[in-house]
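**Q** make a model of this:
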Amino acid sequence: MNIRTALAREADELSSLAWCAKSNWGYSAAQLENWRSELTITSDSVTRYPTSVAEEIGQIVGFYQINTSKLPWTLEHLWVRPSVAGRGIGATLLADAAVRAAGAGGNFLAIDADPNAEGFYLARGARRIGEIAAPIEGHPDRVRPQMLLDINQPAQSLERTPMDARR
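**A** Numbers count the residues shown, from 1 in each chain. The predicted structure is shown next:
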């Protein structure tokens, strides 16, 4: 796997990957459509914000984007293609985002997590600092966990696999 800086011309492919990954969590087509703008990566955002992709055999299998316009910096996107999920790609991308933010003088990454991703972030050292009401049809009590990742922690804790986190 290779991690590299995303190119502005890849914005549509990144948007498709985000849509595919989010739909893998069982959300309805109507709900996904409601989130279309949030799942759309623009060439402008790729140019403006740190955005990196994970590639395998020339194919993008995951990416992240960090919003640097506010402090602490916010992990806006971290998506992995469902067909390769569970192989450590997300953990590697998160570790890379942390190194990138730390190299710019940051201490934390804020994360507005999908409820389905909370366990992933907790297993890598993030802590829940709050929640935002995010009801959807059929789930009126749904919330989005608000998390904070200390990016000065040792890299191995960020790269822990889910299996390692259960030990």
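
**Q** CA atoms for contacts and neighbours, from now on please.
**A** Will do.

**Q** tell me which residues in the helix or strand where residue 30 lies are buried?
**A** Assigning secondary structure by DSSP states H and E places residue 30 in helix 29-34. Using 16 or more other Cα atoms under 10 Å as the test for burial, helix 29-34 gives residue 32.

**Q** which elements pack onto it?
**A** Of the remaining helices and strands, those touching helix 29-34 by 3 or more Cα pairs under 8 Å, 6 or more residues apart in numbering; DSSP states H and E are helix 11-23.

**Q** pairing partners for the host helix or strand of residue 53, with directions?
**A** Assigned by DSSP H and E, residue 53 belongs to strand 51-56. Neighbouring strands of strand 51-56 in its sheet, by DSSP bridges, are strand 2-5 (antiparallel), strand 59-67 (antiparallel).

**Q** most packed of the ones you listed?
**A** The highest mean neighbour count among those, using mean count of other Cα atoms under 10 Å, belongs to strand 59-67: a mean of 22.

**Q** restrict it to CA atoms and write it as CSV.
**A** Presented in CSV, the C-alpha positions along strand 59-67 are these (Å, rounded to 0.1, in the frame of the first residue of the first chain):
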residue,chain,number,x,y,z
GLN,A,59,-6.3,1.8,-7.3
ILE,A,60,-7.4,4.2,-4.6
VAL,A,61,-8.6,2.1,-1.7
GLY,A,62,-9.1,4.8,1.0
PHE,A,63,-8.5,8.5,1.7
TYR,A,64,-8.6,11.2,4.4
GLN,A,65,-9.0,14.9,4.4
ILE,A,66,-8.2,17.3,7.3
ASN,A,67,-10.0,20.6,7.7
